[in-house]
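Enquirer: Fold the following and give me the result.
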Amino acid sequence: MGMMTRMVRLWKADLHGVMDQLEDKGLLLKQYLREMENSLQQKQARCEYLTQTCRQIEQDLGLREEEMGKLAKDLDLAVVKNKNDIARMLIRKRRSVQTTCSHLKQQQDLLSEERQQLEGLLGQQRLQYDQFKIKAEAYFRQAKNRQMDEGFPGLDAMGDFQSPTEEEIELELLQRKEALTPGGAA
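Expert: Okay, the predicted model is just below:
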């Protein structure tokens, strides 16, 4: 049994090695960046949705509180005029509005908490995305440099290109001035 297990493990390792060689690391890296960006956009959209929903709930609460104020005035008036049937109906309606307000406040609190957690997570993930993007750009630059080095095989033998020194620049400038002057050597 041990020999068969080792053969299977060797076959799997060889298959994984072939797959690794087939995969283009640059393409995978770009795909990971796109997926990360898409995920960030989805989270941002969810955060904006939660913010908008909280605003709508706040507006609805304001309207309900105005309604409660009107109901309280009408209730006081019904009690003063001894209209008990109307007062009972207003009390029921007022309690219904109070219950609705209570549920809306709970929902608003839950959505606000979710939004805060999501904003914190979004901030962390944006930072990770930015760091990953910087590393990916460095990888692509290195890959491009390697590709250029492979395209120019004699480049390593010649050494790195060096920028000319100030003295070399001044010498060439003097030579060009001398060549262009009428009395200079042509």
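
Enquirer: buried stuff in stretch 33-50?
Expert: 36, 43, 47, 50 (16 or more other C-beta atoms under 10 Å). C-beta coordinates here come from the backbone N, C-alpha and C atoms, glycine included.

Enquirer: Closest one of these to Arg9?
Expert: The closest of the buried residues of stretch 33-50 to Arg9 turns out to be Met36 (C-beta to C-beta; 33.4 Å).

Enquirer: ok now do the closest one, which residues does it touch?
Expert: Contact analysis of Met36 by C-beta atoms under 8 Å, 6 or more residues apart in numbering lists 125, 129, 132.

Enquirer: Keep only those of those that are in helices.
Expert: 125, 129, 132 (DSSP state H).

Enquirer: Please convert the residues you listed to CSV, extending it with pLDDT and distance to Ala143.
Expert: Listed next are those as CSV, based on pLDDT from 0 to 100; distance: C-beta to C-beta, whole Å:
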residue, pLDDT, distance to Ala143
Gln125, 93, 26
Tyr129, 91, 20
Phe132, 87, 16
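
Enquirer: Just put the residues you listed in TSV and tack on distance to Glu178 and neighbour count.
Expert: Formatted as TSV, the ones in helices among the contacts of Met36 follow (distance: C-beta to C-beta, whole Å; neighbours: other C-beta atoms under 10 Å):
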residue	distance to Glu178	neighbour count
Gln125	63	15
Tyr129	58	15
Phe132	56	15
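
Enquirer: As JSON lines, those with distance to Ala179 would be great.
Expert: Formatted as JSON lines, the ones in helices among the contacts of Met36 follow (distance: C-beta to C-beta, whole Å):
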{"residue": "Gln125", "distance to Ala179": "62"}
{"residue": "Tyr129", "distance to Ala179": "56"}
{"residue": "Phe132", "distance to Ala179": "54"}
